[in-house]
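Asker: just to be clear, the model below is a prediction. Sequence and coordinates:
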Amino acid sequence: MTAPLRATTPEPDRTCRYGTADDFDMAEFWSGIAAFLGGTANVIMQLSLRPVAYGVMESKVDSGKITLHPWKRLRTTLTYLAVAMMGTEEDRRVYRDAVNTSHRGVRSNSESPVDYNAFDPRLQLWVAACLYWGITDLEQRLHGPLDEDTAEVFHQFAARLGTTLQMRPEMWPADRAAFQRYWDTNLVTKTIDPRTRAYFEDLIDLKMVAPPLRVFAPIQRFFVTGLLPQHLRDEMGMTWTARQDRAMTRLLRAAGTVQRRLPKQARLFPMNFYLWDMRRRHRLGKPLV
């Protein structure tokens, strides 16, 4: 069981300023750096659900494969997050249509070890839950605990991580307590088979990028290991010490302190850039995914 997504004593600047999810301003809440720090760990969480993993690994849509086109895949994934969390209803409709076009070919066949379909809202619920868990976890690691009201309003707002695609609104856990039950119940059922583990190891070791960039692989492995829930660390055969945990805590709080002092546009980067780029590409008639 992982630690609940709840806070104790909030920092003064983290108190709730939002009445409902409709009032929530993600641009005032979010830290763009979290996308870089937590991205690979979150992919592992999402793909710990075998149908999601095999949907990705067996996909015939080569243009969307991280192993073949890592920078394009990064753009597509971060654009989805930016659109879902900061975009307008029209932005979300446009990007949903583009993603749906790619997803139509992502479905299992007779040779697949598990059944999957990219349009399955149950799979999308798990992916959305991982994204929400990761955003909340990193925001608190960077900037300290959220007060209960802000945390609850953000939980309601975060349903759009799934409803931007086919997840039905009523599938999203009703409140944070319900989410915690869903998360704890489902996380412990996840297993990582050898094929999926090898795929993850290649992602962690940056095998999909040019060799000079692989110098950053040890740093990535440090953050991936530290940000994974313990159950998934165990499934990956990873070790994590108390000393490493203290080091990461200090690093993240220092990064959060610096990042909070940046101008808003710098603090949101790259999420604001990817939202702008999606709108530009749509206006020019260029592919969005």
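Answerer: Right, received. Where do you want to start?

Asker: contacts, neighbours, all on C-alpha from now
Answerer: Fine.

Asker: count the residues that sit near Arg281.
Answerer: Arg281 has 13 neighbours, counted by other CA atoms under 10 Å.

Asker: from the contact counts, what lies against the helix or strand where it lies?
Answerer: Assigned by DSSP states H and E, Arg281 belongs to helix 271-284. Helix 271-284 sits against helix 70-86, with contacts defined as 3 or more CA pairs under 8 Å, 6 or more residues apart in numbering; DSSP states H and E.

Asker: tell me the helix or strand right after the helix it packs on.
Answerer: Heading C-terminal from helix 70-86, the first helix or strand you meet, by DSSP H and E, is helix 89-103.

Asker: pull the number of nearby residues for Met98.
Answerer: Not Met; residue 98 is Ala. Applying other CA under 10 Å, I find that Ala98 has 14 neighbouring residues.

Asker: revised request: answer the last question for Gln259.
Answerer: Gln259, neighbours per other CA under 10 Å, totals 19.

Asker: ignoring the adjacent residues along the chain, who's closest to it?
Answerer: The shortest distance from Gln259 to any non-neighbouring residue, by CA to CA, 6 or more residues apart in numbering, is to Arg267 (6.1 Å).

Asker: and for the one you found, the neighbour number?
Answerer: Number of residues near Arg267 (other CA under 10 Å) recorded here: 22.

Asker: that one looks like it's in a strand, true?
Answerer: No. Assessed by DSSP: H, G, I helix; E, B strand; the rest coil, Arg267 does not belong to a strand; its assignment is helix.

Asker: my guess is it contacts Arg260. True?
Answerer: Yes. Assessed by CA atoms under 8 Å, Arg267 is found in contact with Arg260 at 6.9 Å.

Asker: list the contacts of the residue nearest to Gln259.
Answerer: Arg267 is in contact with 31-33, 259-260, counting by CA atoms under 8 Å, 6 or more residues apart in numbering.

Asker: so which of these is the closest to Thr185?
Answerer: Closest approach to Thr185 among the contacts of Arg267 (CA to CA): Ser31, at 28.7 Å.

Asker: could you say which helix or strand holds that closest one?
Answerer: Using DSSP H and E, no helix or strand contains Ser31.

Asker: look up how far Arg104 lies from it.
Answerer: Distance, Ser31 to Arg104, by CA to CA, to the nearest Å: 32 Å.

Asker: what's the burial count for Trp166?
Answerer: Slight slip there: residue 166 is Gln, not Trp. By other CA under 10 Å, 17 other residues sit near Gln166.

Asker: and the pLDDT for the nearest residue to Asp115 once chain neighbours are set aside?
Answerer: The spatially closest residue to Asp115, leaving aside those adjacent along the chain, is Ser108, at 5.4 Å (CA to CA, 6+ apart). At Ser108, the model reports a pLDDT of 94.

Asker: from the contacts of Arg267, which is closest to Pro211?
Answerer: Of the contacts of Arg267, the one sitting nearest to Pro211 (CA to CA) turns out to be Ile33, at 23.6 Å.
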